[in-house]
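Asks: Fold the following for me, if possible:
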Amino acid sequence: PPIEEVREIISQTDVALDSVKECMRAIELSERQFSAQRKNILQAAFSGRLVPQDPSDEPASVLLARIRASRADKASVPSRRPRKAKEPA
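Replies: Model prediction:
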């Protein structure tokens, strides 16, 4: 191709590459912001700051103790499954 056409192709390619680099920087920034926001949301969730707290709710430790006790009770009761009859040989 003529030299002017080559220069135009190079110019357009440079513009496109600059655009790609700008997009990549924007994506990297978005990923960092996402990670920081996720960390903040999880921290707020585990500290009970996402929703208003009801003072009449029982503490998590009490709920966990109740769940453990319920599981222990279920584990101590033998299951009563009917036995299969042996087939004659």
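Asks: When you work out contacts or count neighbours from here on, use the C-alpha atoms and nothing else.
Replies: Fine.
Asks: Where is the longest helix in the chain?
Replies: Using DSSP state H, we find that the single longest helix of the chain is helix 3-46.
Asks: Report the distance from that one to the chain centre.
Replies: 23 Å (Cα atoms, centre = their mean, to the nearest Å).
Asks: Let's test this: mean pLDDT of that helix, rounded?
Replies: Taken as a whole, helix 3-46 has an average pLDDT of 97.
Asks: Please name every helix or strand in contact with it.
Replies: Packing partners of helix 3-46 (3 or more Cα pairs under 8 Å, 6 or more residues apart in numbering; DSSP states H and E): none among the helices and strands.
Asks: Now residue 64: which helix or strand?
Replies: Using DSSP states H and E, residue 64 sits within helix 60-76.
Asks: For residue 26, see how far away residue 33 is.
Replies: Residue 33 is 10 Å from residue 26, where distance means Cα to Cα, to the nearest Å.
Asks: now swap in residue 68 and tell me
Replies: Distance from residue 68 to residue 26, counting by Cα to Cα: 48 Å.
Asks: Residue 71 now?
Replies: Separation of residue 71 from residue 26 (Cα to Cα): 50 Å.
Asks: Tell me, how many residues neighbour residue 41?
Replies: Residues near residue 41, counting by other Cα atoms under 10 Å, number 14.
Asks: Please name the residues that touch it.
Replies: residue 50 (Cα atoms under 8 Å, 6 or more residues apart in numbering).
Asks: before we move on, back to that, return the helix holding residue 64 as CSV; C-alpha atoms alone will do.
Replies: Provided in CSV are the C-alpha atoms of helix 60-76 (Å, rounded to 0.1, in the frame of the first residue of the first chain):
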residue,chain,number,x,y,z
ALA,A,60,-26.1,-16.6,67.9
SER,A,61,-24.4,-18.5,70.7
VAL,A,62,-27.7,-19.5,72.2
LEU,A,63,-29.1,-20.5,68.8
LEU,A,64,-26.0,-22.6,68.0
ALA,A,65,-26.2,-24.4,71.4
ARG,A,66,-29.9,-25.2,70.7
ILE,A,67,-29.0,-26.6,67.3
ARG,A,68,-26.1,-28.7,68.7
ALA,A,69,-28.5,-30.1,71.4
SER,A,70,-31.1,-30.9,68.8
ARG,A,71,-28.5,-32.8,66.7
ALA,A,72,-27.2,-34.6,69.8
ASP,A,73,-30.8,-35.7,70.6
LYS,A,74,-31.3,-37.0,67.1
ALA,A,75,-28.0,-38.9,67.1
SER,A,76,-28.8,-40.6,70.4
